[in-house]
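Student: Here's a sequence, model it:
(chains A and B)
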Protein chains: 2
Amino acid sequence: MASNAVVLLSGGLDSYTAAAVARRDGFDLHALSINYGQRHVRELEAARAVAQALHATRHLELNIDLTPIGGSSLTSNAIAVPKDQAIDPDVIPSTYVPARSTIFLSLALGWAEVLGAADIYIGVNALDYSGYPDCRPEFIHAFERVARLATKAGVEGRPLTIHTPLIDLSKAQIITLGLSLGLDYGLTHSCYDPLPDGRPCGHCDSCQLRAAGFAEVGASDPLMARAG
Amino acid sequence: MASNAVVLLSGGLDSYTAAAVARRDGFDLHALSINYGQRHVRELEAARAVAQALHATRHLELNIDLTPIGGSSLTSNAIAVPKDQAIDPDVIPSTYVPARSTIFLSLALGWAEVLGAADIYIGVNALDYSGYPDCRPEFIHAFERVARLATKAGVEGRPLTIHTPLIDLSKAQIITLGLSLGLDYGLTHSCYDPLPDGRPCGHCDSCQLRAAGFAEVGASDPLMARAG
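Tutor: Next up, the predicted model:
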């Protein structure tokens, strides 16, 4: 029998690829998506499609409205999503959602413990990324330590591993990996600020990183034709 | 001007006391309560009363339904709350909610970052407690490290401190401290499994620890007369 893994699934290109790696590694996928009041809540439709495409054993959607906390252009309409900006990994942009990875990993940890799962997958990436502090390897290692101390499993000596299969890959390498696994990136959604009809804006950091990645690979993005 | 602190406020005796210590320490209180689908959701009414009594600058209630995860007698009706059991700190009871402290601290961390607050208070206690792994000092220290790595504040060198003023105190010492600060424990709610009319059951671990604490202090619990 395959072991269970909890996979954080936003519906974007990275989390789809990370989930596919978990599946390739032989795990039964327990996909976790979070409706946190994100501007691009449309990504949750993509998460459902992706979970189905990967034959997830279960797909759980949790609601945690972070808009009363705000402080990010993804959770506050008072802050605009930056467009057509040069991406500087040393500057944390307004799309950074305070403590988001910590919150999501905590929820994944709770579910993993109930499932008896010793493995969590998250598609964070510290190379072609937006400079979010909670995507760095040192953060992941620190959270792994928290996970071991926080849980009954940890107390009983059963280790918990946070898998970050994409953390050292460029966006082009992620796409190459996903294509080799047969993924259909047309199912995903990456844009931070989609048009009213759901199409990607083509101008935010996430759209830019995605476009540059496909260009480098020399592949066409199934979503690109729909960009505004 | 006083600095802001985020205070996790369940509405119980411990979190009320921890919040009062934060106030005594000179902070402006930003109280955070979580409606997580707990069996004893009645505690949130107590949290509102307590926040008001402590003149909190703001009291934020966030909703995160953990019942789809379950795995605890506090978040699953399929598991009974233990009654009249001897409390063994080496055994983690069914009232343990997987990863709860990690989830709550993560949410507090997000709010602290938006507020520019460098201080979080949590009323965890590792002495007269129910053996939850995520109430131990080593867990708190590990989370503090996560907090520093996860955030923009951490990257910019502004430290974040998790204050646990009760962690080494017995329940009697906590009550003595609170009474010295003039707290009205009649505002609080501790019971895990209240009667339909909201009165404490008098038999769960939480009721037992509370009763033993008041007995040791030789004070009367303003809630005791209402116990079932």
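
Student: Confirm that A:Asp14 sits in a helix.
Tutor: Yes - assessed by DSSP: H, G, I helix; E, B strand; the rest coil, A:Asp14 belongs to a helix.

Student: Name the next helix or strand downstream of the helix or strand bottoming out on mean pLDDT in chain A, please.
Tutor: Among the helical and strand segments of chain A, the one scoring lowest on mean pLDDT, DSSP states H and E is helix A:152-155, with a mean of 84. Using DSSP states H and E, the helix or strand that follows helix A:152-155 towards the C-terminus is strand A:161-163.

Student: quick revisit: what's the least confident helix or strand of chain A packed up against?
Tutor: Applying 3 or more CB pairs under 8 Å, 6 or more residues apart in numbering or on different chains; DSSP states H and E, one finds that helix A:152-155 contacts no other helix or strand. Backbone N, C-alpha and C define where each C-beta goes, glycine included.

Student: Next secondary structure after the strand ranked longest in chain A?
Tutor: Taking DSSP state E as the criterion, chain A has its longest strand at strand A:28-35. Sequence order places helix A:43-53 as the next helix or strand after strand A:28-35, per DSSP H and E.

Student: Give me the angle between that next one and strand A:28-35.
Tutor: Orientation check (axes from the mean of the first three to the mean of the last three CA atoms, to 10 degrees): helix A:43-53 against strand A:28-35 gives 170 degrees.

Student: what comes into contact with helix A:43-53?
Tutor: A:9-12, A:15-16, A:19, A:29, A:31, A:33, A:35, A:59, A:61, A:183-184, A:187-190, A:198 (CB atoms under 8 Å, 6 or more residues apart in numbering or on different chains).

Student: hang on, the earlier thing: buried ones in the longest strand of chain A?
Tutor: A:Asp28, A:Leu29, A:His30, A:Ala31, A:Leu32, A:Ser33, A:Ile34 (16 or more other CB atoms under 10 Å in any protein chain shown).

Student: and which of these is nearest A:Ile92?
Tutor: A:Ile34 (20.6 Å; CB to CB).

Student: Do a quick rundown of the helices in chain A.
Tutor: A:13-24, A:43-53, A:100-115, A:137-150, A:152-155, A:171-180, A:205-217 (DSSP state H).

Student: Pull up the distance across stretch A:61-68, start to finish.
Tutor: End-to-end span of stretch A:61-68 (CA to CA, to the nearest Å): 20 Å.

Student: contacting residues for the residue of chain A positioned farthest from its centre?
Tutor: Outermost residue of chain A with respect to the C-alpha centroid, by CA atoms, centre = their mean, is A:Glu156; its distance is 29.7 Å. Under the criterion of CB under 8 Å, 6+ apart, the contact list for A:Glu156 is empty.

Student: Quick check, pLDDT for it.
Tutor: Note for A:Glu156: predicted pLDDT of 86.

Student: Can you pull out the low-pLDDT segments for chain A?
Tutor: Chain A contains residues with pLDDT under 70 at A:1, A:225-228.

Student: how does it look with 90?
Tutor: A:1-2, A:85-93, A:126-135, A:152-159, A:223-228 (pLDDT under 90).

Student: Just give me the residue right at the centre of it.
Tutor: A:Ser15 (4.1 Å).

Student: surely that residue meets A:Leu8?
Tutor: Yes - between A:Ser15 and A:Leu8 there is a contact under CB atoms under 8 Å: 6.1 Å.

Student: which residues do the two both contact?
Tutor: Residues touching both A:Ser15 and A:Leu8 (CB under 8 Å, 6+ apart): A:Ile122, A:Gly123.

Student: Is the longest strand of chain A in proximity to chain B?
Tutor: No - using CB under 8 Å from any CB of the partner chain, strand A:28-35 never reaches chain B; the gap is at least 9.3 Å.

Student: what is the orientation angle of that strand with helix A:13-24?
Tutor: Between strand A:28-35 and helix A:13-24, the angle comes out at 160 degrees (the same axes, to 10 degrees).

Student: is any part of stretch A:5-21 close to chain B?
Tutor: No - Stretch A:5-21 lies out of reach of chain B by CB under 8 Å from any CB, never closer than 10.2 Å.

Student: in stretch A:39-51, what counts as buried?
Tutor: A:Arg39, A:His40, A:Arg42, A:Glu43, A:Leu44, A:Ala46, A:Ala47, A:Arg48, A:Ala49, A:Val50, A:Ala51.

Student: Rebuild the residues you listed as JSON lines, extending it with distance to A:Cys204.
Tutor: Conversion of the buried residues of stretch A:39-51 to JSON lines gives the following (distance: CB to CB, whole Å):
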{"residue": "A:Arg39", "distance to A:Cys204": "10"}
{"residue": "A:His40", "distance to A:Cys204": "9"}
{"residue": "A:Arg42", "distance to A:Cys204": "13"}
{"residue": "A:Glu43", "distance to A:Cys204": "13"}
{"residue": "A:Leu44", "distance to A:Cys204": "18"}
{"residue": "A:Ala46", "distance to A:Cys204": "16"}
{"residue": "A:Ala47", "distance to A:Cys204": "19"}
{"residue": "A:Arg48", "distance to A:Cys204": "22"}
{"residue": "A:Ala49", "distance to A:Cys204": "21"}
{"residue": "A:Val50", "distance to A:Cys204": "20"}
{"residue": "A:Ala51", "distance to A:Cys204": "24"}
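
Student: Pull the most distant pair out of these.
Tutor: Maximum pairwise distance among the buried residues of stretch A:39-51 (CB to CB): 21.6 Å, between A:Arg39 and A:Ala51.

Student: Please list all residues in contact with A:Ile69.
Tutor: By CB under 8 Å, 6+ apart, the contact list for A:Ile69 reads A:Thr75, A:Pro98, B:Leu60, B:Leu62, B:Leu107, B:Gly110, B:Trp111, B:Val114.
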